[in-house]
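Visitor: Prediction below, plus the sequence it came from.
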Amino acid sequence: MTDREIMDIFEKAGVLMSGHFLLTSGRHSDRYMQCAKLFTYPEYSERLTKELTKKIQGVDIECVASPAIGGIIIGYCMAKHLGKRNIFAERQDSEMTFRRGFEIKKGEKCLVVEDVVTTGGSVKEVIQLINNNGGQVVGAASLVDRSGGKADFGVPFYSLVSVEIQSYEPADCPICKEGIPLVKPGSRK
């Protein structure tokens, strides 16, 4: 599957948005990727997650773990394609934790999966959580790498596509100067 075919699916699903967005980092951008919209189309999410699993062929994985909330559906889809167990971590008192009876077995080989990686903060938190619980992280994967190749998790990182989206410090934002209202589309407050 080519990058253009992948981006066409993102556009059809309404994932790639244009406007004036406040990013989790505090920076502003004229484009935003809301990957949650991809998962409203099972045929698209099935196709793209299956394509991503091709990139991790040969990696010994026993469990797929994801950060809530963005990684829950992709984690499930990846685990389904890989025939592996699936769990997710969620925030409790501002800290990632396993709840709902989820646990990591000692030495269990885990793949950490997220929808979009920008800074990689949530993935790093889940990796640390797995390590703290005696698991072994063998890789990280995402549909979209927005880090510009800068994401470093200390394990192999696999992404379906890399997308560069320009962002600005609020004081230097040309969109602010145009008077376009700022929207915060992300999942974190």
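Guide: Nice, thanks for sending it over.

Visitor: Please count neighbours and contacts with C-alpha atoms only from this point.
Guide: OK.

Visitor: Moving C-terminal from the regular element (helix or strand) spanning Gln128, which element do we reach first?
Guide: Following DSSP states H and E, one finds Gln128 within helix 121-132. Next along the chain after helix 121-132, taking DSSP H and E as the criterion, comes strand 136-145.

Visitor: Can you list the strands that that next one pairs with?
Guide: strand 109-117 (parallel), strand 157-162 (parallel) (DSSP bridges).

Visitor: And the contacts of that strand?
Guide: 48-49, 52, 59-61, 107-118, 123, 127, 130-131, 153, 155-163 (C-alpha atoms under 8 Å, 6 or more residues apart in numbering).

Visitor: Quick check: next helix or strand after the helix or strand where Ile6 lies?
Guide: Ile6 is part of helix 3-12, with elements assigned from DSSP H and E. As assigned by DSSP H and E, the chain's next helix or strand after helix 3-12 is strand 16-22.

Visitor: Flag every buried residue along that next one.
Guide: Leu16, His20, Phe21, Leu22 (16 or more other C-alpha atoms under 10 Å).

Visitor: What of stretch 76-92?
Guide: By neighbour count on 16+ other C-alpha under 10 Å, the buried set for stretch 76-92 is Tyr76, Cys77, Met78, Ala79, Lys80, Leu82, Arg85, Asn86, Ile87, Phe88, Ala89, Glu90.

Visitor: what's the distance between that stretch and the middle of its chain?
Guide: Relative to its parent chain, stretch 76-92 has a centroid offset of 13 Å by C-alpha atoms, centre = their mean, to the nearest Å.

Visitor: quick one, what contacts Gln92?
Guide: Per C-alpha under 8 Å, 6+ apart, neighbours of Gln92: none.

Visitor: err, Ile104, not the other one
Guide: Per C-alpha under 8 Å, 6+ apart, neighbours of Ile104: Ile130, Asn133, Gly134, Gly135.

Visitor: before we move on, back to that, next, give me the two most distant ones among the buried residues of stretch 76-92.
Guide: Leu82 and Glu90 (22.5 Å; C-alpha to C-alpha).

Visitor: Any stretches of this protein with poor pLDDT?
Guide: In the predicted model of the chain, residues 186-189 satisfy pLDDT under 70.
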